[in-house]
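Trainee: structure, please.
(chains A and B)
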Amino acid sequence: MSRALILMVAATVLLFAVALGQGDQALTPGEIAGALLGDPTTSPVASMIVMEVRLPRALLALLVGVALGVAGAIAQTVMRNPLAEPGLLGINGGAAFAAIILIVGFGLRAPTLLPWCAFAGAFAMALAIYLLSWRNGASSIRIILIGIGLSSLAGAAISFVSAFGDVAAVQRAQVWLAGSVYDARWEKVTILAAWLVIPLGATFVISRELDLIGFGESSARGLGQRVHVVGALAVLMCTILSAAAVAAAGLIGFVGLIAPHIARRLVGHRHLRLLPAAGLVGAALVLAADLIGRTVIAPAQLPAGLVTTLIGAPFFGFLLWRRRHVAG
Amino acid sequence: MTESRARTVGPKPQLMPSAERHVVALGVLALVLVATAMWSMTIGPTDISITGIFTALTGFDGSREHLIVTTVRLPRMLAGLVAGSALAVSGAIMQAVTNNPLASPGLLGVNAGAAFAVVATLTFLPDAPTGFHVWAAFAGAAMAATVVYLVGSMGIAGATPVKLALAGAIVSAFVASLTSSVLIFDKTTLDAIRFWSIGSLAGRSLDNIATVAPYVGAGLTLAIVFRRQITTMSLGLSVARTVGQNVGLWRTMAAIMVILLAGGAVAVAGPIGFVGLVVPHVVRLLVGIDYRWILPFCAVGGALLVIGSDAAARAVFPAREIPVGVTMALIGAPFFVYLARYRVGGAR
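Mentor: Below you'll find the model as predicted:
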């Protein structure tokens, strides 16, 4: 384990601890530890706050961050474009559109069904982007532009559906869409965790294949890789991860863009190390964004998704500036 | 085989000189616009016939129907007229100056910047005099345009379509988040402008439109008066320099026009996207690449598209208020995808 990785684990643990301690009701570290360990001498209020409110919220932020960070790393590798991000590419938009149809159109709010629906939307969107940008091969620039177009189409479709929905359902959906871990419950945490197991596992299994695909299509093929199979599998995993994150916490933008970049600076390009690092950085980012969102203007709360965009968009500008001499 | 090729390459047989054809076409388009505008005023919960509209406009008698026409339907139609023509012309100017098929006030963040400035003014300076928010919209539009252009044109390659589109998407996302953050604090403003913030013609008053109309009118006049200079710019930087154009001066002029037009449109109808993208492209299919004709056609065509699609949405879904920004995005986004697929050629 490199020093950078240890540093990141420490940062994430620290943020997690602060997230448990910070809130309207101040709790001492002793009370938190007591509540977590199930110490019977802890006051029932403290233990209720920690176990039912703050712990699920922190865990949800952590898992969403992991999912977004890893999904972003996969997307950047497969597209061989450092600006690729599931949010910008409209995959998240597709998931959100499908979910809003379920919430507003059918008035359903079953948390078990939502991830499936979000996955269907994200998958359809990824497929549409790929098919529409396929013209003698899918160039990554066309993919990005078509992603921007389809993502604003999804945004308009969401507004369209909202115009017809029951006002209460639309308001609930809006809160969720803004990208918030506000409404965290244990049920959501376990469902998200269950959805992450397979794609995360599969991604780590094919991490060496991802190293190859990152060299470029012809190099990977020359080294004996079945590029299209691996690429399709990787995009599928990316879609599942994004959809699960969107279903749990709505649209949290730019984490999938920033996390892999920071991770690459810390641990290099090997995916065996890059993927866990990207997941950790993503977790730290979402935890920090949620913390900022609920402390700076307390008692009001900014959704985490707004905070990540306010941080992430300037970072994206910085990336564009760094790449300013790259052709295209 | 050779014969058919010769036919496609050679000039098409023309019944009359192209200038006259364009004038006739523009006249026809204007007539269609007038007809659509009249039709759009007949649509609504209360049945009012075309003749009813005419009498309300010519001989106002204070009846309920006439009140509806003058206070609800006429302002709505005029808002569509102002916003549609302003956005389409500003999109055409942006496409000419940047030589970029994807340039438009919506995609390049100009609308989002103006919208944020208006929201911030309404929230933080609620006592500001009438008309102040229009100037705020201009300032927001100018700032967003500057940032997008600076970010998008960094580097040797300059402002390529992809870099500009990315910079626009990012600045839009950033500014939209700022707008949402402001609105979270302020529930009353949120209620008042929820529809406006997606782009809507509903609930405008004649006063609102009268505040903005002079600026938009000035922008349109400048664009028509200086159509030759805009045409020269559309030929590219080096051609413009060769024929002796003061490139810096005319780029600044173009930026002023875009800011007047897009800022004014946003102040009256919110950030309606895609009008500025779609209309110039369709017009170019009709009249070719000459901006001396593209600009007036865009002014009429943009108004026609916005008024027509708003009226159509109201006719199809009478019980619901669908913001025109949503309708435009549903029409425009597929068009953008088409452009990205077929027109941003060469870019690998």
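Trainee: would you point out which residue is most central in the chain?
Mentor: Unless you meant another one, I'm taking chain A. Chain A has A:L68 as the residue nearest its centroid, 2.4 Å off, counting by Cα atoms, centre = their mean.
Trainee: my question was about chain B, not that one.
Mentor: Central residue of chain B (Cα atoms, centre = their mean): B:L87, 1.3 Å from the mean position.
Trainee: so after the host helix or strand of it, what's the next helix or strand?
Mentor: Per DSSP states H and E: B:L87 is located in helix B:74-98. The element immediately downstream of helix B:74-98 (helix or strand, assigned by DSSP H and E) is helix B:110-124.
Trainee: can you mark which positions in that following helix are buried?
Mentor: Buried residues in helix B:110-124, defined by neighbour count with 16 or more other Cβ atoms under 10 Å in any protein chain shown: B:110-123. From N, CA and C alone the C-beta is placed, and that goes for glycine too.
Trainee: following element in sequence after that helix, please.
Mentor: helix B:132-152.
Trainee: from the contact counts, what lies against the helix or strand that that following helix is followed by?
Mentor: The helix or strand immediately downstream of helix B:132-152 is helix B:161-185, counting by DSSP H and E. Under the contact criterion of 3 or more Cβ pairs under 8 Å, 6 or more residues apart in numbering or on different chains; DSSP states H and E, helix B:161-185 touches helix A:140-164, helix A:304-322, helix B:110-124, helix B:132-152, helix B:187-193.
Trainee: give me the residue from the stretch 151-300 of chain B nearest chain A.
Mentor: Chain A sits closest to B:G155 of the stretch 151-300 of chain B, with a gap of 3.0 Å, by Cβ to the nearest Cβ.
Trainee: looking at it, that residue is touching A:R324, isn't it?
Mentor: Yes: B:G155 is within contact range of A:R324, at 3.0 Å (criterion: Cβ atoms under 8 Å).
Trainee: do you know how far the residue of the stretch 151-300 of chain B closest to chain A is from A:L251?
Mentor: According to Cβ to Cβ, to the nearest Å, B:G155 and A:L251 sit 30 Å apart.
Trainee: please give the number of neighbouring residues around residue 154.
Mentor: Since no chain was named, I'll use chain A. For A:A154, the neighbour count with other Cβ atoms under 10 Å in any protein chain shown is 24.
Trainee: actually chain B
Mentor: The tally of other residues near B:M154 (other Cβ under 10 Å) stands at 19.
Trainee: B:F185 now?
Mentor: B:F185: 13 neighbours (other Cβ under 10 Å).
Trainee: before we move on, back to that, the helix or strand harbouring the residue nearest to the centre of chain A near chain B at all?
Mentor: Taking DSSP H and E as the definition, A:L68 sits inside helix A:55-79. No: Helix A:55-79 is not in contact with chain B by Cβ under 8 Å from any Cβ of the partner chain; minimum separation 12.7 Å.
Trainee: tell me what angle that helix forms with helix A:140-164.
Mentor: 140 degrees (axes from the mean of the first three to the mean of the last three Cα atoms, to 10 degrees).
Trainee: packing partners of helix A:55-79?
Mentor: Under the contact criterion of 3+ Cβ pairs under 8 Å, 6+ apart, helix A:55-79 touches helix A:3-21, helix A:186-205, helix A:207-214, helix A:227-249, helix A:255-267, helix A:271-295.
Trainee: which helices and strands does the third one pack with?
Mentor: In this structure, helix A:207-214 makes packing contacts with helix A:55-79, helix A:217-222, helix A:227-249, helix A:271-295, judged by 3+ Cβ pairs under 8 Å, 6+ apart.
Trainee: the inter-axis angle of the last one versus helix A:227-249?
Mentor: What that stands for is helix A:271-295. 20 degrees.
Trainee: so for the helix holding B:L87, mean pLDDT?
Mentor: The pLDDT scores in helix B:74-98 average 93.
Trainee: got it, and stretch A:51-71?
Mentor: pLDDT averaged over stretch A:51-71 gives 91.
Trainee: equivalent analysis for stretch A:3-21, please.
Mentor: pLDDT averaged over stretch A:3-21 gives 86.
Trainee: just the angle for the helix or strand hosting B:V212 relative to helix B:74-98, thanks.
Mentor: Using DSSP H and E, B:V212 maps to helix B:206-225. Comparing the axes of helix B:206-225 and helix B:74-98 via the same axes, to 10 degrees yields an angle of 30 degrees.
Trainee: alpha carbons only: can I get helix B:206-225 in PDB?
Mentor: Provided in PDB are the C-alpha atoms of helix B:206-225 (Å, rounded to 0.1, in the frame of the first residue of the first chain):
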ATOM      1  CA  LEU B 206     -47.200  44.800 -21.500                       C
ATOM      2  CA  ASP B 207     -45.000  46.800 -19.100                       C
ATOM      3  CA  ASN B 208     -42.400  44.000 -18.900                       C
ATOM      4  CA  ILE B 209     -42.200  43.900 -22.700                       C
ATOM      5  CA  ALA B 210     -42.100  47.700 -23.100                       C
ATOM      6  CA  THR B 211     -39.100  47.800 -20.700                       C
ATOM      7  CA  VAL B 212     -37.100  45.300 -22.800                       C
ATOM      8  CA  ALA B 213     -38.300  46.100 -26.300                       C
ATOM      9  CA  PRO B 214     -36.100  49.200 -26.900                       C
ATOM     10  CA  TYR B 215     -32.900  47.200 -26.200                       C
ATOM     11  CA  VAL B 216     -34.000  44.300 -28.300                       C
ATOM     12  CA  GLY B 217     -35.100  46.700 -31.000                       C
ATOM     13  CA  ALA B 218     -31.700  48.400 -30.900                       C
ATOM     14  CA  GLY B 219     -29.900  45.100 -31.200                       C
ATOM     15  CA  LEU B 220     -32.100  44.000 -34.200                       C
ATOM     16  CA  THR B 221     -31.600  47.300 -35.900                       C
ATOM     17  CA  LEU B 222     -27.800  47.200 -35.400                       C
ATOM     18  CA  ALA B 223     -27.700  43.600 -36.700                       C
ATOM     19  CA  ILE B 224     -29.700  44.600 -39.900                       C
ATOM     20  CA  VAL B 225     -27.800  47.800 -40.400                       C
END
